[in-house]
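**Student:** next come a sequence and a model predicted from it.
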Amino acid sequence: MEPARSLGTFVVVGGGIAGVTCAEQLAVNFPEEEILLVTASPVIKAVTNFKQVSKVLEEFDVEEQPSTVLENRFSNIKVIESGVKQLKSEEHCIFTEDGQQHVYKKLCLCAGAKPKLICEGNPYVLGIRDTDSAQEFQKQLTKAKRIMIVGNGGIALELVYEIEGCEVIWAIKDKAIGNTFFDAGAAEFLTSKLMSEKSEAKIAHRRTIYTVEGAKKEKRTKAKADSVGSALGPDWHGGLDLKGTEEFSHSIHIETRCEVKKIYLQEEFKIMKKKPLAFPKDQHKSVTIDKEMWPVYVELTNGKIFGCDFLVSATGVIPNIHPFLLGNNFDLGDDGGLKVDNQMRTSLPDIYAAGDICTACWQPSPVWQQMRLWTQARQMGWYAAKCMAAASLGHSIEMDFSFELFAHVTKFFNYKVVLLGKYNAQGLGSDHELMLRCTRGQEYVKVVMQNGRMMGAVLIGETDLEETFENLILNQMDLSSYGEDLLDPNIDIEDYFD
Ligand SMILES: Cc1cc2nc3c(=O)[nH]c(=O)nc-3n(C[C@H](O)[C@H](O)[C@H](O)COP(=O)(O)OP(=O)(O)OC[C@H]3O[C@@H](n4cnc5c(N)ncnc54)[C@H](O)[C@@H]3O)c2cc1C
Ligand SMILES: NC(=O)C1=CN([C@@H]2O[C@H](COP(=O)(O)OP(=O)(O)OC[C@H]3O[C@@H](n4cnc5c(N)ncnc54)[C@H](O)[C@@H]3O)[C@@H](O)[C@H]2O)C=CC1
């Protein structure tokens with residue numbers, strides 16, 4: 001039997017970038033209707049100073065705000081600060097932890113993701129996701145002399161560069177650093193910066209800002225601290241003093257091609273009679289046995305054992321789908337997200353999803369892929385609202401232009417980093433060529449070419465090439481005749497293609 005759809009409202013779950021953007025857009029589309037935003041966190045995330053840098057590249061600041069700020073901006077948005085504990089999709093209804101139930105006509109699930117830890121429930125293994133977990137990390141770091149970072153993606157890259165006064169053992173599965181964002185060439189370019197900047201003062205560099213203005217005045221109750229908050233984002237470490245106990249800048253040792261085999265607590269380790277290694281300060285000297293006692297010991301799959309104060313598991317995320325599963329037969333992606341089609345619809349009627357919680361299952365443009373990023377959360381939230389609005393008027397809409405080309409701008413090791421299209425030749429097989437230009441300490445430019453067409457690019461440093469390359473990838477012009485001139489620094493490539 002068809003449920004009584006006209007009774008409900010538009011309901012959005014999640015106060016992160018995806019949920020807030022979706023609710024805002026619905027509020028604009030339906031000024032006469034009440035939009036419910038149900039969120040487990042005491043604060044919401046707002047996009048401010050949005051700037052379209054080029055056709056698809058965007059930059060914005062992110063502010064954590066009390067939910068009243070959103071309600072004041074949109075009189076038809078009502079924020080309910082309570083976690084959803086159950087969804088009854090056949091009845092078009094959600095149940096929240098405060099004992100209420102809310103009937104929806106259309107629902108958008110934007111509950112984000114949580115850290116996928118290498119080991120659940122171990123107090124010495126920390127994950128970083130929201131303000132509370134970042135503060136807990138900072139607190140532990142102030143007492144630490146040595147930590148281990150496991151993982152090779154965005155969080156690990158940012159942490160190894162930011163942490164000072166504490167020895168860092170960085171354990172990665174791969175041959176080179178930053179595998180989710182770079183190839184070995186770019187990694188080499190960045191590693192030299194990491195190792196050479198040990199005692200240099202860091203130069204300030206403008207990037208997307210993350211602020212907690214207003215929100216820091218919010219009192220977090222214990223119950224709230226236990227619930228999931230929104231993901232941090234650009235410059236999340238800007239306001240944190242990431243300093244250990246010692247008076248030095250970077251001190252990093254990288255262990256490649258290994259994983260964590262076992263973590264031992266001190267007492268457990270003492271009876272094992274295994275030999276932990278001292279921190280390898282100099283790669284050329286032989287490694288010595290560590291005499292110091294540490295709260296935890298980590299055995300790596302390469303056989304080495306290091307003691308440390310704690311570990312950070314920066315090993316990716318898993319979508320927060322759990323509260324919505326009971327009794328609802330959602331189609332799930334391999335990464336555990338709610339599958340969504342090109343109208344951001346999940347497999348269940350009138351339920352949409354956007355941001356980190358979803359797995360994009362439409363036929364993507366040849367130069368787009370999903371990555372769980374701030375920008376995609378915003379774009380998906382916005383587009384989901386547009387789709388919900390169109391569907392409630394009985395039609396569907398064309399895929400938004402932002403999904404034509406993958407574009408991400410960020411900062412690693414104080415360099416501006418722009419990633420475009422199939423920047424790591426993802427899914428192109430062996431049938432592609434790479435062109436490189438690199439000036440040590442200054443810039444690294446890589447383009448991925450296939451059949452004379454540009455498919456992707458990595459731009460590190462102030463290259464000023466993003467707009468031109470974005471156009472070349474979008475228009476798929478045959479560039480065979482230009483050959484290596486494409487990257488010749490003496491040729492003003494913008495003039496070429498004007
Ligand atoms: C440390 C860190 C640094 C990052 N840096 C960058 C970066 O530099 N650039 C970039 O592009 N991306 C970055 N990201 C990724 C980016 O933050 C996420 O992709 C993005 O914020 C996801 O937004 P979202 O709205 O989907 O989810 P989230 O921000 O996780 O929001 C989910 C919301 O749902 C709520 N919620 C969860 N469960 C429930 C429930 N049962 N009921 C009600 N509400 C619920 C939560 O309280 C939260 O408000 C970073 C992530 C982390 C963790
Ligand atoms: N500047 C940026 O754009 C940033 C983006 N982010 C985003 O935040 C989210 C969380 O960041 P990360 O946790 O760094 O995730 P990530 O997905 O970027 O990286 C996860 C890393 O962990 C590794 N890994 C997975 N399982 C492992 C295991 N068992 N043992 C060892 N290594 C393992 C993977 O190979 C990968 O290198 C991601 O969506 C990321 O894209 C985070 C920080 C900065």
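**Tutor:** Cool, got the structure. Fair warning: this is a prediction, and the values are worked out from it, not measured in the lab. Numbers count the residues shown, from 1 in each chain. Ligands and ions are numbered 1, 2, ... in the order given.
**Student:** what about the residue lying closest to Asp356 once chain neighbours are set aside, how many neighbours?
**Tutor:** Excluding the flanking residues, the one nearest Asp356 by Cβ to Cβ, 6 or more residues apart in numbering is Ala113, at 3.9 Å. C-beta here means a position set from N, CA and C on the backbone, and glycine is covered the same way. Neighbour count for Ala113, taken as other Cβ atoms under 10 Å: 24.
**Student:** Ala113 and Asp335 touch, don't they?
**Tutor:** No: the pair Ala113 / Asp335 is not scored as a contact, 9.3 Å apart, by Cβ atoms under 8 Å.
**Student:** any common contacting residues for the two?
**Tutor:** 318-319 (Cβ atoms under 8 Å, 6 or more residues apart in numbering).
**Student:** for ligand 1, what are the nearby residues on the stretch 101-250 of the chain?
**Tutor:** Residues of the stretch 101-250 of the chain lying near ligand 1 by Cβ under 6 Å from any ligand atom: 110-113, 128-129, 154-155, 228-234, 236.
**Student:** quick check: pLDDT value at Asp290.
**Tutor:** Predicted confidence (pLDDT) for Asp290: 90.
**Student:** residues contacting it?
**Tutor:** 276-279, 306-307.
**Student:** mind putting those into TSV with pLDDT and distance to Thr21?
**Tutor:** Formatted as TSV, the contacts of Asp290 follow (pLDDT from 0 to 100; distance: Cβ to Cβ, whole Å):
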residue	pLDDT	distance to Thr21
Pro276	94	48
Leu277	92	48
Ala278	91	49
Phe279	90	44
Phe306	96	42
Gly307	97	45
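**Student:** so of those, which ones are in strands?
**Tutor:** 306-307 (DSSP state E).
**Student:** most widely separated two among the contacts of Asp290?
**Tutor:** The most widely separated members of the contacts of Asp290 are Pro276 and Phe279, with 10.2 Å between them, by Cβ to Cβ.
**Student:** identify the contacts common to these two.
**Tutor:** 290, 306.
**Student:** which stretches of the stretch 51-200 of the chain form strands?
**Tutor:** For the stretch 51-200 of the chain, applying DSSP state E, counting those that start in this stretch gives strands covering 58-66, 77-81, 84-88, 93-96, 101-109, 113-115, 125-126, 146-150, 167-171.
**Student:** what of the stretch 301-450 of the chain?
**Tutor:** Counting by DSSP E, counting those that start in this stretch, the strands of the stretch 301-450 of the chain are 305-308, 310-313, 317-319, 338-340, 351-353, 358-360, 407-412, 415-421, 433-439, 443-450.
**Student:** comparing those strands, which stretch has the densest surroundings?
**Tutor:** strand 351-353 (a mean of 28; mean count of other Cβ atoms under 10 Å).
**Student:** average pLDDT for that strand?
**Tutor:** 98.
**Student:** quick one: it to chain centroid distance?
**Tutor:** 21 Å (Cα atoms, centre = their mean, to the nearest Å).
**Student:** please apply the same query to stretch 131-145.
**Tutor:** Using Cα atoms, centre = their mean, the offset of stretch 131-145 from its chain centre is 20 Å.
**Student:** and stretch 340-359, by the same measure?
**Tutor:** 19 Å.
**Student:** buried residues in it, which are they?
**Tutor:** 340-348, 350-359 (16 or more other Cβ atoms under 10 Å).
**Student:** try stretch 286-305
**Tutor:** Quick answer for stretch 286-305 (16+ other Cβ under 10 Å): 290, 294, 296-300, 304-305.
**Student:** so which of the strands of the stretch 301-450 of the chain comes closest to ligand 2?
**Tutor:** Set against ligand 2 and scored by Cβ to the nearest ligand atom, these come closest in strand 407-412, at 3.7 Å.
**Student:** what's in contact with that closest one?
**Tutor:** 53-54, 56-59, 154, 157-158, 161, 178, 181, 190, 205, 207-208, 234, 371, 373, 375, 416-421, 460, 466, 470.
**Student:** cool, and stretch 76-83?
**Tutor:** 15, 23-24, 27, 30-42, 44, 67-68, 70-71, 96-98, 100, 102, 227-228, 323.
**Student:** so who does the closest residue to ligand 2 within the chain touch?
**Tutor:** At 1.9 Å from ligand 2, Gly153 is the closest residue in the chain, using Cβ to the nearest ligand atom. Listed by Cβ under 8 Å, 6+ apart, the contact partners of Gly153 are 178-181, 314-316.
**Student:** can we see that at 10 Å?
**Tutor:** 172, 178-181, 314-317, 371-372 (Cβ atoms under 10 Å, 6 or more residues apart in numbering).
**Student:** restrict those to contacts with ligand 2.
**Tutor:** Applying Cβ under 6 Å from any ligand atom to those, those adjacent to ligand 2 are 179-180, 314-317, 371-372.
**Student:** any chance of those in TSV, plus pLDDT?
**Tutor:** Compiled in TSV, those are given as follows (pLDDT from 0 to 100):
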residue	pLDDT
Asn179	88
Thr180	89
Ala314	97
Thr315	97
Gly316	96
Val317	97
Met371	97
Arg372	97
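**Student:** closest to ligand 1 among those residues?
**Tutor:** Among the ones next to ligand 2 among the contacts of Gly153, and counting by Cβ to the nearest ligand atom, the member closest to ligand 1 is Arg372, at 4.5 Å.
**Student:** the closest one against Gly336, yeah?
**Tutor:** No: using Cβ atoms under 10 Å, Arg372 is not in contact with Gly336, being 11.4 Å away.
**Student:** which neighbours do the two have in common?
**Tutor:** 113, 317, 319, 357, 359.
**Student:** and those, which two are the farthest apart?
**Tutor:** Longest span within the shared contacts of Arg372 and Gly336, Cβ to Cβ: Val317 and Thr359, 12.1 Å.
**Student:** touching both of these two, which residues are there?
**Tutor:** In contact with both Val317 and Thr359: 335-337, 372, using Cβ under 10 Å, 6+ apart.
**Student:** which of those residues ranks first by neighbour count?
**Tutor:** Neighbour counts for the shared contacts of Val317 and Thr359 peak at Gly337, which has 26 neighbours (criterion: other Cβ under 10 Å).
**Student:** what sits against the closest residue in space to that residue that isn't next to it in sequence?
**Tutor:** With sequence-adjacent residues excluded and distances taken as Cβ to Cβ, 6+ apart, Gly337 is closest to Thr359, at 3.3 Å. Neighbour list for Thr359: 319, 321, 331-340, 346, 353, 370, 372 [criterion: Cβ under 10 Å, 6+ apart].
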